[in-house]
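Engineer: pasting a predicted model and its sequence here:
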Amino acid sequence: MYKFLSEEWIKAYAEEWNKNEKLKEGLKKFSAKIKYYIEGSEQPPVYVNVKNGKVVDYGLATNGKYDFEMWATPENWKTLATGGMGPKAAMLTKKLKFKGSMITAMKYMSPFEESLKMMSKIPTEW
C-alpha cells in the first residue's frame, strides 16, 4: 500500500502507465509535464513527465514549469480513480481543478480518462 500521491505512489503509477499499451498508444503524439496534488494538503505535489505517451521521469514536484496541473480533495481523487466520476464531469463541476491547455486536454480526453482510472490499480492508502 502506498500513500496517495506520495513519492512511492507516483513511482508505482509511472510503472503502471508504461505497462498500459492503450494509454501509450493514445498519447503517442503527446508530451507534457503533469503535476498532481491534494487540495488543501501539506503533502508535497508529485509529477510525471510524459514524452510521446511514455513516462520518462517522475517524482516530487519542484517549483519548475508544468504543462498541466491537477488537484482535488482526497474524496474527489478517490471518486475519479474508482470511476465514480469521469474527468470531464469532474472538471465541469470543479471537483477536479485543472490548469493547462483545455484544448489539448479535450483532444486527449479518452487517454486522460484512462490515466485517471488507472490510479485504482495502485494499492493506495487514501
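Structural biologist: Done, it's in. In this text, all values refer to a predicted model and were calculated from it rather than measured experimentally. Numbering: from 1, shown residues only.

Engineer: buried ones in the helix or strand hosting residue 106?
Structural biologist: Residue 106 belongs to helix 102-107 when elements are defined using DSSP states H and E. Using 16 or more other Cβ atoms under 10 Å as the test for burial, helix 102-107 gives residue 105. C-beta here means a position set from N, CA and C on the backbone, and glycine is covered the same way.

Engineer: continuing past it, what's the next helix or strand?
Structural biologist: Assigned by DSSP H and E, the successor of helix 102-107 is helix 109-117.

Engineer: what's the distance between the residue lying closest to residue 23 once chain neighbours are set aside and residue 35?
Structural biologist: Excluding the flanking residues, the one nearest residue 23 by Cβ to Cβ, 6 or more residues apart in numbering is residue 114, at 4.9 Å. Residue 114 is 19 Å from residue 35, where distance means Cβ to Cβ, to the nearest Å.

Engineer: for the two, indicate the residue with more neighbours.
Structural biologist: Each of residue 114 and residue 35 has its neighbours counted (other Cβ atoms under 10 Å); residue 35 has more, 20 against 17.
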